[in-house]
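Engineer: Fold the following for me, if possible:
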Amino acid sequence: MAQGLLPINHETLDEAAGSRRGRATAIEHLRRLLVAAEVLPQRQEHLTRLEREISARLAALHPHDAAVMRRFVTWYTLPRIRRRIAQGRDPETTCQLARNSLTGPGRFLTHLRRREITLAGLGQGDLEEWVADNPGYVSATVIFLRWAQRQKLVPVLVLPTQRRNTPREFSDAQDQWMIAKRCLTDHSLPHRLRLVGALVLLYGQQSSTIARLRRSDIVNSAGVTSIRLGRDAVLLDEPLATIALELATAAVPDARPRGLARAFNTDGDGWLFPGRGPGKHLGDAALRRDLIKLGVRTRSGRNTALLALARDVPPMVLSDLLGVGSSTAERWRGYAGGAWATYIASSIQPVDDHPKS
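Structural biologist: From the prediction side, this is the model:
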């Protein structure tokens, strides 16, 4: 490209990366530099790689099976992925989940073809045999079969119930509150760590969601500071309001772009936690490492926070304020008021720092 022999575009870089795709670190770094310098347009890299991998997977299937899978991917999988990314979901995690969800249906179709069974001729016994032999692929295959039933590609069958993992990792509630209190009061901690810790321990946020927060998600109006985690903004009390606002205005060092990001874009593309690379936010793995130093395990801390919140906050409000899916909020309400009631009574201490609408 430097010699003018190849066009400067994403396709040239894709060709150079070959099958390595996102693992071609030098090429991806060059891509980010060219995008930051506005030589190349912005592109959703994780979605592009997913689409390329889907094409490769379809090519490996029997043509008839590939045609069915192409319809499923085109009209079900990809629209859901694009919608979730547009809603602010982490693109890398979202695309990886989609990638995993396509493995089961592909294996299922290949299994049927080997048995010389068509989708239209699928029987209840055939399905139950597959479920018994492939427990790890049941949930993804059920989603595909529900779609196939709506398209009248398979007969009406009793589909197995999709398994949901019951949360098992929790923190001691008293210990969690003490760490959360430290995030609010310990001025020796970096602002980034104080805000991230509070968002996990008090608001049940995932590190991947926190990493993608933008400065525009922190709003100060008439002296009131709020943060947008879901559809509705959550009002922040002091001292968390000041911590968030100083990060949003880059008034503290850990909110300013570092490395090449500073040279290309002084505001770090508006990320609340800018990374070192141009156009990149700080990775959620880096946030998790910071939290571990503080004594916080993200999964157990988030579970404990959601369990406490679900006790007092209606599922619809929990969903709107914290960005939790409506069905997920309903499940947590069930955990808090059902079989988990004994756990709550003995372990969850009253905390005044609940989100306010």
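Engineer: which residues of the stretch 51-200 of the chain fall in helices?
Structural biologist: 63-72, 78-86, 91-114, 124-133, 138-150, 173-185, 191-201 (DSSP state H, counting those that start in this stretch).
Engineer: Dump the C-alpha coordinates for the first one into PDB.
Structural biologist: Okay, so that is helix 63-72. C-alpha atoms of helix 63-72 as PDB (Å, rounded to 0.1, in the frame of the first residue of the first chain):
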ATOM      1  CA  PRO A  63     -25.800 -27.400  -0.100                       C
ATOM      2  CA  HIS A  64     -29.300 -28.100   1.100                       C
ATOM      3  CA  ASP A  65     -28.300 -27.700   4.800                       C
ATOM      4  CA  ALA A  66     -26.300 -24.600   3.900                       C
ATOM      5  CA  ALA A  67     -29.400 -23.000   2.300                       C
ATOM      6  CA  VAL A  68     -31.500 -23.600   5.500                       C
ATOM      7  CA  MET A  69     -28.700 -22.200   7.700                       C
ATOM      8  CA  ARG A  70     -28.300 -19.200   5.500                       C
ATOM      9  CA  ARG A  71     -32.000 -18.400   5.900                       C
ATOM     10  CA  PHE A  72     -31.600 -18.800   9.700                       C
END
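Engineer: buried set for it?
Structural biologist: 65-66, 68-69, 72 (16 or more other CB atoms under 10 Å). (C-beta placed from N, C-alpha, C; glycine too.)
Engineer: What of the second one?
Structural biologist: Within helix 78-86, the residues that qualify as buried are 78, 81, 84-85, counting by 16+ other CB under 10 Å.
Engineer: And for the longest one?
Structural biologist: For helix 91-114, the neighbour count (16+ other CB under 10 Å) marks 91-95, 98-99, 101-102, 104-109, 111-112 as buried.
Engineer: same for it, what does it pack against?
Structural biologist: Here helix 91-114 touches helix 45-60, helix 63-72, helix 78-86, helix 124-133, helix 138-150, going by 3 or more CB pairs under 8 Å, 6 or more residues apart in numbering; DSSP states H and E.
Engineer: shaky segments in this protein?
Structural biologist: By pLDDT under 70, the weakly predicted segments of the chain are 3, 18-24, 29, 35-37, 162-165, 254-269, 277-279, 338-357.
Engineer: That one - how does it break down into domains?
Structural biologist: Split into domains by automatic domain parsing, the chain comes to 71-162, 173-347.
Engineer: For the shortest one, what is the distance to the chain centroid?
Structural biologist: What that stands for is domain 71-162. Distance, stretch centre to chain centre, for domain 71-162: 21 Å (CA atoms, centre = their mean, to the nearest Å).
Engineer: Residue 303 and residue 275: what is the separation?
Structural biologist: 27 Å (CB to CB, to the nearest Å).
Engineer: next one: residue 76
Structural biologist: With CB to CB as the criterion, residue 76 and residue 275 are 33 Å apart.
Engineer: circling back to that earlier point, so which of the buried residues of helix 78-86 comes closest to residue 311?
Structural biologist: Comparing the buried residues of helix 78-86 against residue 311 with CB to CB places residue 84 closest, at 27.9 Å.
Engineer: neighbours of residue 253, just the number please.
Structural biologist: For residue 253, the count of nearby residues is 10 (other CB atoms under 10 Å).
Engineer: Next: residue 8.
Structural biologist: Neighbours of residue 8 (other CB under 10 Å): 12.
Engineer: again with residue 49
Structural biologist: As a burial measure, residue 49 scores 17 neighbours (other CB under 10 Å).
Engineer: Quick one: the helices and strands packed on helix 91-114 as JSON lines, columns for distance to residue 39 too.
Structural biologist: Converted to JSON lines, the helices and strands packed on helix 91-114 look like this (distance: least, CB to CB, whole Å):
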{"stretch": "helix 45-60", "distance to residue 39": "16"}
{"stretch": "helix 63-72", "distance to residue 39": "34"}
{"stretch": "helix 78-86", "distance to residue 39": "24"}
{"stretch": "helix 124-133", "distance to residue 39": "50"}
{"stretch": "helix 138-150", "distance to residue 39": "39"}
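Engineer: Show me which parts of stretch 186-196 are buried, residue by residue.
Structural biologist: For stretch 186-196, using 16+ other CB under 10 Å, the buried residues are 189, 191-196.
Engineer: just these now: which is nearest residue 121?
Structural biologist: Closest to residue 121, out of all of the buried residues of stretch 186-196 and judged by CB to CB, is residue 196, at 53.5 Å.
Engineer: I'd like the distance from that closest one to residue 225, if you could.
Structural biologist: Taken as CB to CB, the span from residue 196 to residue 225 is 17 Å.
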